[in-house]
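Q: Let's see this in three dimensions:
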Amino acid sequence: MTPKAVFWDMDGTLVDSEPLHEAALIAALHSVGIAAPTNLHERVLGIAAWPVYEMLRDEFGLDLPFDDWIVRKYDHYLPMAETLKPRPGAVEIYNELRGLGVAQAVVSNSDRLVVDANLRMVSLFYPGMKTISRNDVREGKPHAEPFLRAAWLAGVDPADAVAVEDSVTGATAGLAAGMRTIFWPEAPMAGPPGAIIINSADELRAELGL
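A: Alright, predicted model coming up:
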């Protein structure tokens, strides 16, 4: 049965942007003389900019103020966003649900600047579209607030909504919001207890009743 609402994570779920974020982070670190750790991707997947900055400051000696650091990182990321591609199958499912009248929103831990740039690049940007960025909430994922805001904007009970996520951080937020949460990681991995784990767009279609 198709749910009343589907709320999508963006990076890694709707768009294949995680490699670009990693490359931008590595380049920004290199520009200040810091070598990126080999497990950088695993450590920052789904995490908002401020906690990533705190980790880099506390563990690797990043000494730029946050505002200077994030500008440097986005100066590397935004030109690369021109090469951004959708995650195979994801945007097609989004558009099919839209055609059926299912309420949807994009719920991201990224800044508004990145949310808008990414969605424009994959032509997923239209009047009335609901998007929640890290700038729109007090607490980012894994807190429930971003998904609860999406439910409020869509006018649905969280229990009637599905959250679709590629990171443990994001899936934890969906579960905390009381939503049926589908964990669709980029590579097979264990998800948080209570999440429905899938590994393909076809499995996602089935879980969404399409």
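
Q: so what secondary structure elements neighbour the worst-scoring helix or strand of the chain on mean pLDDT?
A: Least confident element among the helices and strands of the chain, by mean pLDDT, DSSP states H and E: helix 40-44 (a mean of 84). Packing contacts for helix 40-44, counted by 3 or more C-beta pairs under 8 Å, 6 or more residues apart in numbering; DSSP states H and E, involve helix 18-31, helix 49-60. To be clear about C-beta, it is placed using only N, CA and C from the backbone, and glycine gets the same treatment.

Q: Return the residues in contact with F125.
A: The neighbours of F125, taking C-beta atoms under 8 Å, 6 or more residues apart in numbering as the test, are D116, L119.

Q: For P192, give me the pLDDT.
A: Here, the pLDDT recorded for P192 equals 95.

Q: In terms of helix, strand or coil, where does it fall?
A: When classified by DSSP: H, G, I helix; E, B strand; the rest coil, P192 comes out as coil.

Q: ok, now which ones touch it?
A: V168, A171, T172, L175, T181, F183.

Q: Pull out the buried residues from those residues.
A: V168, A171, T172, L175, T181, F183 (16 or more other C-beta atoms under 10 Å).

Q: what sits up against stretch 146-154?
A: Here stretch 146-154 has contacts from 5, 7, 103-105, 107-109, 130, 132, 134, 136-137, 139-140, 157-158, 161, 163, 173-174, 176-177, 179, using C-beta under 8 Å, 6+ apart.
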